[in-house]
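Trainee: okay, sequence plus prediction incoming.
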Amino acid sequence: MEEKKQGYRVQEYHGPVKRYCQTLNLKDNPDLIKEYRRRHAEENAWPEILKGIREVGILEMEIYILGKTLFMIVETPLDFDWDKAMAKLATLPRQAEWEDYMAEFQDASPGVTSDQKWKLMDRMFHLYDK
């Protein structure tokens, strides 16, 4: 059975965390999407980018894809400040270079930061504990 039908294991933490969900569209071009996926494969990840994500306090980050639509889940400690973290992330080594490296695939304005192109989503449902 495909991994997506089995589900994806999530990180366990020693306490509650916050989750941010974001979306971004890629350009509707199968070759560009294939290359975007290749650049995000584990063996192609830039170490400076992964280090920077952790440095700003992000515990876990996952990106899912369906067609040209990306969906990102970011898990953080409860005291995480999104605006401060994104401002810091934009200044870290190679971050601007990474954004430029990815820009050709993304349906976003050139030269924008990750925080400007990824749009935070509103949660509209969850299984309510009553």
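Mentor: Thanks, I have the structure now. This one's a predicted model, so the numbers in the text were calculated from it and none came from an experiment. Numbering: from 1, shown residues only.

Trainee: which residue packs closest to the most centrally placed residue in the chain, ignoring adjacent ones?
Mentor: Geometric centre of the chain, nearest residue: Met72, 4.3 Å, by CA atoms, centre = their mean. Take Met72 and drop its neighbours on the chain: the residue closest to it by CB to CB, 6 or more residues apart in numbering is Gln22, 4.4 Å away. Yep, even glycine has a C-beta here, placed from its N, CA and C like the rest.

Trainee: can you tell me the SS state at that neighbour?
Mentor: The three-state label given to Gln22 by DSSP: H, G, I helix; E, B strand; the rest coil is strand.

Trainee: give me every residue that touches it.
Mentor: Contact analysis of Gln22 by CB atoms under 8 Å, 6 or more residues apart in numbering lists Phe71, Met72, Val74, Trp118, Lys119, Leu120, Met121.

Trainee: pLDDT weak spots in the protein?
Mentor: 1, 130 (pLDDT under 70).

Trainee: which parts of this protein are helices?
Mentor: Assigned by DSSP state H, the helices in the chain fall at 3-6, 30-39, 47-55, 82-89, 95-103, 114-117.

Trainee: mind checking how far the last one is from the chain centre?
Mentor: This means helix 114-117. 10 Å (CA atoms, centre = their mean, to the nearest Å).

Trainee: give me the neighbour count for Asp83.
Mentor: 8 (other CB atoms under 10 Å).

Trainee: quick one on the thing from earlier: can you lay out the helices of the chain as JSON lines showing distance to Ile63?
Mentor: Putting the helices of the chain into JSON lines (distance: least, CB to CB, whole Å) gives the following:
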{"stretch": "helix 3-6", "distance to Ile63": "14"}
{"stretch": "helix 30-39", "distance to Ile63": "10"}
{"stretch": "helix 47-55", "distance to Ile63": "12"}
{"stretch": "helix 82-89", "distance to Ile63": "15"}
{"stretch": "helix 95-103", "distance to Ile63": "11"}
{"stretch": "helix 114-117", "distance to Ile63": "12"}
